[in-house]
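J.: Fold the following.
(one chain, ligands or ions: 1)
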Amino acid sequence: MKLVIVGGVAGGASAAARARRIDENAEIVMIERGEFISFANCGLPYHVGEVIPERSKLLVMTPQKFKKRFNIDVRTRNDVISIDRSKKTITVRRTDEGEIYEESYDKLILATGSSPIHPPIPGVSDPDVMPLWTIPDMDRIKARVDSGAKRAVVIGAGFIGLEVAENLVERGVQTTVVEMLPQVLPTMDQEMTTPITKELKKHGVNLLLDSRVTAIHRPETDTEVSSELQVAIDGHDNIVADFVVLSVGVKPNSELAVQAGLDTGERGGIKVDTKMRTSDPDIFAVGDVTEIFNAVTGNPAQIPLAGPANREGRIAADNALGRETYFKGALGTNIVKVFDLGAGSAGCSERQLNKDGIPFNKVYVHPMSHAGYYPGACPVSVKLLFNDAGKILGVQAIGYDGVDKRIDVIATAMASELTVEDLAELELAYAPPYGSARDVVNYAGMVAANVLRGDTTVVHVDDIPEDAVLLDVREPDETAEGTLPNAVLIPLGTLRDRLDELPKDKKIVVYCKVGLRGYVGERILKLNGFDAANLSGGWTTYQHFLG
Ligand code: FAD
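T.: Model prediction:
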C-alpha cells in the first residue's frame, strides 16, 4: 500500500502520523511545497508580538524528525502540479531545481489547505502589503516591526486580523484595523462583539468599521520612492502606514482537485463524504480545502480551523488504510484572545440561523466567571440559541475570564446532543476560585429551560413591543449610568407594595442589570395578574446592542 499525502501541515501531518501508527509497512510519502512541515500557524501572530520569542518553538516537526519517528518520506519544496486519476499518479515539481517527476499512489490524501484572499485593491501587490499565513510571511512582518516600523493598517477584523492587531500594538506599532462590515469577528452576532470593539479601542487600536480600503499607494517622485504607504479608505482621510497586513479571509487551495475533475462545492471546497473521501474513492481530502458539513444544520460548510483539520486527517488516514471511521461534521468551535478579553462561539450564530431559515429562541445571560466573593470574578456574557425542542443551535460567549471553559462545555453538550434542560442539570467542577455552585453553563441552561417551560417570557432589545411599559427594577444608584427611554423605576424590593402604579392592560417589560432581578419581577407581576415579560440580559445586553 502506498499512501501519498499532499500538504504537510495540520491535516497532512496528522494524516501521515496516524497512517504510520496503524500500518507499519505502508509506504507513506508526504509532499509539501513550502519549506516547513507541521508548523504552528496558529502561533504566528504571537511571534510577531514576541509573546513567543523563540521562532524555533513554532517549528513543531522537521522532515528529519518525521522520518525518524514515523518513517515517512517527507519532501519539502516539492509542489504537486497535477493528478492523473486514470494512472493513479501525481506530477510534482521540485521548486529549487524546477525538475518534474511523477509519483504513483494507491491512495491519495489532499491536505492542501487554503490561501489568504488578496482583494482586488489597487496597490495590493506592493511588497509591504502582506498576509500572515506562513512562516516566511511572519518573518517579513516581524522584520518590518524589528526594523522600526511604527504604523500599520490591518485589513479585516476576523480572528487573524484581531490577533495581528493585538500583537502589533504590544510591539508599540500604531495600528488601524479596517473592516468593511459594521462589526468585528463575523462568526459572532453584532451585539456580542461590542465588548471586543471597546477592548480594541481601550488598547489604542484605531478601529474603522463599515469602512473599505479602496487603494494602497506608494508616493513617488522622479528621484525618490517613499518608504510610506498611503492607504485610502472610503469615507476617511488617507492613513499613512509603514506596512499593511491583509486578513480578509481565505479560499481553498482546490486547483489540483478541480483540474482532476473532483467534485467541488459552491465556494470551491472539495466535496467529501463522512469518510473524507472525495468523488474519487481513492482520493481523500481534509482540512481547509474541503467542503464539510455543519453539525447543527447538516448544510455544506467551509470551516478553516485547526481542530477539524487534525480530526479529518486522522479519519482520512484510517479509511485510506481500511479502517472505518466517520466524520460527524463541525461546529466551528472557536475562541480568540483580544488583549485581556476572550471571545468564542460554537454552532450557528443568529445571523446564520436566519439565513438558513431555521427557527430559534435565544437568551442572554451575564453570570460571574466564579463565585462573586472570590477575587477576580467578572461576568461571562453568553448568548444561547436553541429550538423549541431544547436542541442547542449555537453559543457565543465573551468575557475576561472563563470563556474557553464555557464554550468547550457547551460545544461538548452540542456534540452529544444534550438539550438546554441537560445544560441546567450538568454537574460541573466547583470551588470559589473556579466557578459557582450554579455555573455559567447551568445558568444559561436554566434560563433557556424557563423559556421553554413558559416560566418566563423573554423580550429582546431588538424586539421590544412599541406600546410596552418598561419597568426598571434596579436600585436608584444603579440607574445613574442610564435607563431605557421612558422607563418606570420601581426597585425590586418595593415592587409588591407598588403594584397599583402599574397598568394591567399593557405589556410590562421588566429589566435589571443582567436579567435575574428582572425575572423575579416578572414572576411577581405574572402571579399578580399582569402581562409581564423579562428583557433578556437586561441593561447589560441593551448596552451591547447600543454598541
Ligand atoms: P495548512 O495547515 O495550511 O497546510 C496546507 C499545506 O499544504 C501548506 O503548507 C501548503 O504549502 C501545502 N500545499 C498546498 N498546495 C500544495 C501543493 N500543490 N503541493 C504541495 N504542497 C501544497 N485555527 C484554529 O483553529 N485556531 C487558531 O487559533 C488559529 N489561528 C491561526 C492563525 C494564523 C496566523 C493562521 C494562518 C491560521 C490559524 N488557524 C487557526 C487556522 C489553521 O491553522 C488552519 O485551519 C489549519 O492549518 C488548516 O490545516 P490544513 O492542513 O488544511 O492546511
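J.: Tell me, please, the helix or strand in the protein that averages the lowest pLDDT.
T.: Lowest by mean pLDDT, DSSP states H and E among the helices and strands of the chain is strand 59-61, with a mean of 89.
J.: mind listing what R311 touches?
T.: Shown in contact with R311 (C-beta atoms under 8 Å, 6 or more residues apart in numbering): 14, 327. C-betas here are computed from N, CA, C, even on glycine.
J.: and if you look at the one 5 residues further on?
T.: When contacts are counted by C-beta under 8 Å, 6+ apart, A316 is found next to 11, 15, 109, 275-276, 284-286.
J.: Identify each of the strands in the stretch 201-350 of the chain and give its residue range.
T.: All strands of the stretch 201-350 of the chain, identified by DSSP state E, counting those that start in this stretch, fall at 206-208, 213-217, 229-233, 239-241, 243-246, 250-252, 270-271, 283-285, 290-293, 300-301, 334-338, 341-347.
J.: The helix or strand just after the least confident helix or strand of the chain packs against which elements?
T.: Next in sequence after strand 59-61, counting helices and strands by DSSP states H and E, comes helix 63-70. Packing partners of helix 63-70 (3 or more C-beta pairs under 8 Å, 6 or more residues apart in numbering; DSSP states H and E): helix 10-22, strand 37-39, strand 73-75.
J.: worst average pLDDT in those?
T.: With a mean of 94, strand 37-39 has the lowest mean pLDDT of the helices and strands packed on helix 63-70.
J.: All the helices of this protein, residue numbers only.
T.: In the chain, the helices defined using DSSP state H lie at 10-22, 44-48, 63-70, 135-146, 159-170, 194-202, 255-259, 306-320, 350-356, 403-415, 420-425, 440-453, 516-527, 538-546.
J.: possible to save the ones you listed as CSV with distance to V225?
T.: Listed next are the helices of the chain as CSV, based on distance: least, C-beta to C-beta, whole Å:
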stretch, distance to V225
helix 10-22, 39
helix 44-48, 25
helix 63-70, 40
helix 135-146, 16
helix 159-170, 24
helix 194-202, 32
helix 255-259, 34
helix 306-320, 39
helix 350-356, 44
helix 403-415, 46
helix 420-425, 60
helix 440-453, 55
helix 516-527, 62
helix 538-546, 46
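J.: Relative to S86, which of those is closest?
T.: Nearest to S86, of all the helices of the chain, is helix 255-259, at 13.5 Å by C-beta to C-beta.
J.: Against which helices or strands is the closest one packed?
T.: Packing partners of helix 255-259 (3+ C-beta pairs under 8 Å, 6+ apart): strand 78-84.
J.: The ligand contacts on the chain?
T.: Contact residues, the chain versus the ligand (C-beta under 6 Å from any ligand atom): 6-7, 9-12, 31-34, 41-42, 44-45, 79-80, 111-113, 132-133, 160, 253, 256, 287-289, 304-307, 309.
J.: Contact partners for F327?
T.: Contacts for F327 (C-beta under 8 Å, 6+ apart) come out as 272, 274-276, 292, 311-312, 315.
J.: Most neighbours of all those, which one?
T.: Using other C-beta atoms under 10 Å as the neighbour test, those are led by M276, with 31 neighbours.
J.: Tell me if I'm right that that residue and N319 touch.
T.: Yes. Between M276 and N319 there is a contact at 6.4 Å, judged by C-beta atoms under 8 Å.
J.: any shared contact partners between these two?
T.: Contacts common to M276 and N319, judged by C-beta under 8 Å, 6+ apart, are F284.
J.: which ones are touching K88?
T.: 104-106, 108, 282.
J.: next one: K507
T.: By C-beta under 8 Å, 6+ apart, the contact list for K507 reads 465, 467-469, 531-533.
J.: sorry, back to before: let's have the helices and strands packed on helix 63-70 in a markdown table, adding mean neighbour count.
T.: Formatted as a markdown table, the helices and strands packed on helix 63-70 follow (neighbours: other C-beta atoms under 10 Å):
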| stretch | mean neighbour count |
| --- | --- |
| helix 10-22 | 24 |
| strand 37-39 | 23 |
| strand 73-75 | 20 |
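J.: between these, which gets nearest to V248?
T.: Among the helices and strands packed on helix 63-70, the nearest to V248 by C-beta to C-beta is helix 10-22 (21.1 Å).
J.: okay, the angle between the closest one and helix 63-70?
T.: In terms of direction (axes from the mean of the first three to the mean of the last three C-alpha atoms, to 10 degrees), helix 10-22 departs from helix 63-70 by 30 degrees.
J.: which residues make contact with helix 10-22 from outside it?
T.: Helix 10-22 has contacts (C-beta under 8 Å, 6+ apart) with 3, 5-6, 8, 26, 28, 30, 32, 37-38, 41, 61, 66, 70-72, 74, 109, 111, 113, 284, 286-288, 306, 309-314, 316-318, 320-321, 323.
J.: Same check on stretch 513-523?
T.: Contacts to stretch 513-523, defined as C-beta under 8 Å, 6+ apart, come from residues 364-367, 379, 447, 450, 455-457, 471, 473-474, 478, 492, 495, 510-512, 532-541.
J.: Report the beta-bridge partners for the nearest residue to A320 once chain neighbours are set aside.
T.: Spatial nearest neighbour of A320, chain neighbours left out: K107 (4.1 Å); criterion: C-beta to C-beta, 6 or more residues apart in numbering. Per DSSP bridges, the residues bridged to K107 are L3.
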